[in-house]
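In: A structural model of the following input is requested.
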Amino acid sequence: MDMGTEQALDTARNVGLDPDGLKRLERDIAQDIQKGICDGAVWLVARGGQIASHQARGLSHKKKQRVARTDDVFH
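Out: Numbers count the residues shown, from 1 in each chain. Below you'll find the model as predicted:
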């Protein structure tokens, strides 16, 4: 996790989210990228105004092989 795994999981717990749910989200997105379902993804999970997870995985531009960043916008 980009925010630091333990920090992100602690934040998830503190805001009332299931840390295992965040782990599943990351795992499932990684699997979708590996299967070719999508080239990349960016996500932000928050509750009560506190960010529990903000991550980027895969590519934001496949042709240019540009790695996804958390400030990318897909359209």
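
In: what's the lengthiest helix in the chain in contact with?
Out: Determined from DSSP state H, the single longest helix within the chain is helix 19-35. With CB atoms under 8 Å, 6 or more residues apart in numbering as the test, helix 19-35 has contacts from 1, 8-9, 12-13, 38-41, 43, 45, 52-53, 55, 57-58. Backbone N, C-alpha and C define where each C-beta goes, glycine included.

In: let's see it at 6 Å
Out: With CB atoms under 6 Å, 6 or more residues apart in numbering as the test, helix 19-35 has contacts from 9, 12-13, 38, 41, 53, 57-58.

In: in strands only, show me those.
Out: Of the contacts of helix 19-35, the ones assigned to strands by DSSP state E are 41, 53, 57-58.

In: now, the most widely separated pair of those?
Out: Greatest spatial distance in the ones in strands among the contacts of helix 19-35: 53 and 58, 15.8 Å, computed using CB to CB.
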